[in-house]
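> Attaching a predicted model along with its sequence, questions to come.
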Amino acid sequence: MLNNTLISQVKSLTTAERIELISAVWETLSSDEVPVSAKEMVLLDARLADLEKNPADQSPWSEVQARLKCQLP
């Protein structure tokens with residue numbers, strides 16, 4: 001369980017800093033450590049099929065991330 005001091009430190013960060021922290025923590029996880037339900041797997045399979053069918057309709061993560069960062073206060 002996280003301690004209150006750590007939570008307080010996280011709460012003192014700006015929104016952009018908290019999102020950056022979430023991203024950094026997420027990157028420490030391996031695919032084996034992230035639980036995926038059967039329902040989520042169906043959705044992921046559908047999205048992968050769409051990617052293969054319509055590759056020009058997709059955006060790389062770096063572009064998506066840049067667009068999202070521009071929307072932050």
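Perfect, I can see it now. Numbers count the residues shown, from 1 in each chain.

> The residue most central in space within the chain is in what secondary structure piece?
By Cα atoms, centre = their mean, the chain has its centre lying nearest to Ser23, at 6.2 Å. Following DSSP states H and E, one finds Ser23 within helix 15-26.

> Alpha carbons of that helix, in CSV - could you do that?
Only the C-alpha atoms of helix 15-26 are listed here, as CSV (Å, rounded to 0.1, in the frame of the first residue of the first chain):
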residue,chain,number,x,y,z
THR,A,15,-1.4,17.8,-13.9
ALA,A,16,1.2,17.5,-16.6
GLU,A,17,3.8,16.2,-14.1
ARG,A,18,1.3,13.6,-12.8
ILE,A,19,0.5,12.4,-16.3
GLU,A,20,4.3,12.2,-17.0
LEU,A,21,4.7,10.2,-13.8
ILE,A,22,1.8,7.8,-14.8
SER,A,23,3.5,7.3,-18.1
ALA,A,24,6.8,6.6,-16.5
VAL,A,25,5.3,4.1,-14.1
TRP,A,26,3.3,2.4,-16.9
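
> Which is the succeeding secondary structure element to that helix?
Per DSSP H and E, helix 15-26 leads on to helix 38-53 as the next helix or strand towards the C-terminus.

> Distance of Glu27 relative to Glu40?
19 Å (Cβ to Cβ, to the nearest Å). Just so you know, the C-beta spots here come from the backbone N, C-alpha and C atoms, and that holds for glycine as well.

> Which one's more surrounded, these two?
Comparing Glu27 with Glu40 by other Cβ atoms under 10 Å, the one with more neighbours is Glu40, at 11 against 7.
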